[in-house]
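*Asks:* Next come a sequence and a model predicted from it.
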Amino acid sequence: MLYQAPRGTSDILPEEQAYWRFIEQKVAESAQLYGYERIDTPAFEDTKLFARSVGEDTDIVTKEMYTFEDRGKSSLTLRPEGTASVCRAYLEHGLHNQPQPVKLYYIASIFRYERPQAGRYRQHYQFGYEAIGEGDPALDGEVIDLAWRFFADMNLRRLTLQLNSIGCKQCRPNYVDSLKSYYVGRALELCPECQTRLKRNPLRLLDCKQAGCQKVAAAAPKSVDYLCNECAGHFNQLKRYLELLKLPFNVNHQLVRGLDYYTRTVFEIQPEAGGSQSTLAGGGRYDDLIGELGGKPTPAIGFAAGMERLILNLKEQKVAIPPLPKPRVFIACLGDEAKETATKLAAELRGAGVGVIAAMGDKSLKAQLRQANSLGVRYAVIIGEEEVRAGTAVLRDMGSAEQKSVAVGELQGLLK
RNA sequence: GUGAGUGUAGCCCAGUGGUCUAAGGCGCCAGGUUGUGGCCCUGGAUAUCGAGGGUUCAAAUCCCUCCACUCACCCCA
């Protein structure tokens, strides 16, 4: 094989496209339902944008970014996530002058240099929704409702909604401190990786999968017990809204997310019996991010979902996807004159909005019909020398195998 | 970055040292009389057996190196 797609990337072949178009359509529909408008941002941005927003010490920034210098010596990075770009656009275009919150959604390719495996790729696609400019917990509830409804409406079953609150700039340090002091006494029970996490990123201690560490994590201090009054009130109100909306959330004290910008609300939607790379959607509040990017303090919340993982789940659960439309008519012909008639007819039908596949080459009629059959068209139009002389064509119904001779001029009306 | 598994035609795969100048199935192409698909039958094309090196009289089959893919860890959608 001379060339193949780079590791962790893949071609989306025609046979897969129905899934992609289906999801895109559902994304647009639910955006419309909740008042979100589409935004598309560049595939790459100034490297500093991601470093600042995602967090200098996160895995994404330290080892997963596709960073390059362009010919003008600017350091650019292929977007490793969607939120930072949307916030940049919000600031750059003065969207704070619009009624708040500004609700935006996107469908975009995402790039991370990781070892690919099931449900994880170096280039993958995410769709996401961001609501910027409002801190009301009712908005958190609405966003989570949107996320939940999105998957439920696709007839995906056995999903769970994981929820947590990780506090704000004021109260989180207290929590991290108490987490540290809890863990320091138990360092010997931890796996080697957790020993280093203890120093570098204590929050991550909570979601280590090692059995021993799990045990320690289960009894660890909970972030919700360290929330300041404002954060606690916000979280309580959110839970109240989720109950009103009848969303079956599970407060998961070990849910922490890998991007630094999250504050207060964090949530994920996971399949119940998921493998390791199973999270379908994740998100939360990022009340400090716009400010850190140079704007005035602006609360915001959003989430993103992985398209490939969603498709994986749709397939596993055998969710029926509507087929993509395709031509219903195949035109077969025999002889040079017939081909001219067929060529003109095909153009006329297409002009009238009827999709047509015209036979090419000079294959036998048998071969042409075989092709028509495998294309799955509803009708075959057959034009041979006799038909040319008579100004007619044979219209064959590929389902019933019934056929009749009709005037060429009548076809457009019959096939419309 | 770490660990494990796998690499034979477009796809699924048989074949574990010598009749392998590689079998089968799907798919593809053609034919089964003069201009008709789907079923069936017949025929055909398509494989430097992942790459390179080594062992041997002899290697798809054994050894080494590399590469790729898959799965898992890390982390995330």
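*Replies:* Noted; the coordinates are in hand.

*Asks:* my read is residue A:108 is in a strand, agree?
*Replies:* Yes - assessed with DSSP: H, G, I helix; E, B strand; the rest coil, residue A:108 lies in a strand.

*Asks:* Helix, strand, or coil at the residue lying closest to residue A:408 once chain neighbours are set aside?
*Replies:* For residue A:408, ignoring the flanking residues on the chain, the nearest one in space by CB to CB, 6 or more residues apart in numbering is residue A:393 at 5.3 Å. For every residue, glycine as well, the C-beta is placed using N, CA and C. Three-state call for residue A:393 (three-state DSSP): strand.

*Asks:* Residue of chain A closest to RNA strand B, please.
*Replies:* residue A:258 (0.7 Å; CB to the nearest atom of the strand).

*Asks:* The residue nearest to residue A:408 and residue A:380 touch, don't they?
*Replies:* No - counting by CB atoms under 8 Å, residue A:393 sits too far from residue A:380 to count as a contact (10.0 Å).

*Asks:* List the contacts of the nearest residue to residue A:271 once chain neighbours are set aside.
*Replies:* Closest residue to residue A:271 apart from its sequence neighbours, by CB to CB, 6+ apart: residue A:278 at 5.2 Å. By CB atoms under 8 Å, 6 or more residues apart in numbering, residue A:278 lies in contact with A:119, A:270-271, A:309.

*Asks:* any chance of these in TSV, plus neighbour count?
*Replies:* Formatted as TSV, the contacts of residue A:278 follow (neighbours: other CB atoms under 10 Å):
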residue	neighbour count
A:119	20
A:270	19
A:271	20
A:309	23
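
*Asks:* residues from the stretch 101-250 of chain A in reach of RNA strand B?
*Replies:* Contact residues, the stretch 101-250 of chain A versus RNA strand B (CB under 7 Å from any atom of the strand): A:110, A:112, A:114-121, A:124, A:126, A:193, A:197, A:204, A:207-210.

*Asks:* switch the cut-off to 6 Å
*Replies:* Within reach of RNA strand B by CB under 6 Å from any atom of the strand, the stretch 101-250 of chain A has these residues: A:112, A:115-121, A:124, A:126, A:193, A:197, A:204, A:208-209.

*Asks:* Outline the domain layout of chain A.
*Replies:* A:14-171+A:227-316, A:329-415 (automatic domain parsing).

*Asks:* for the residue of chain A closest to RNA strand B, helix, strand, or coil?
*Replies:* When classified by three-state DSSP, residue A:258 comes out as coil.

*Asks:* quick one: contacts for the closest residue in space to it that isn't next to it in sequence?
*Replies:* Using CB to CB, 6+ apart and skipping the chain neighbours, the partner closest in space to residue A:258 is residue A:58 (6.0 Å). Counting by CB under 8 Å, 6+ apart, residue A:58 touches A:258-260.

*Asks:* Need the per-residue pLDDT for residue A:58.
*Replies:* With respect to pLDDT, residue A:58 scores 87.

*Asks:* got it, and the one 10 residues further on?
*Replies:* At residue A:68 the predicted local confidence, pLDDT, stands at 93.

*Asks:* residues in contact with it?
*Replies:* Residue A:68 makes contact with A:75-77 under the criterion CB under 8 Å, 6+ apart.

*Asks:* So what's the residue count around residue A:144?
*Replies:* Around residue A:144 there are 26 other residues, counting by other CB atoms under 10 Å.

*Asks:* Check residue A:11 too.
*Replies:* 7.

*Asks:* Please name the residues that touch residue A:70.
*Replies:* By CB under 8 Å, 6+ apart, the neighbours of residue A:70 are residue A:76.

*Asks:* can you rerun that using 10 Å?
*Replies:* Shown in contact with residue A:70 (CB atoms under 10 Å, 6 or more residues apart in numbering): A:44, A:76.
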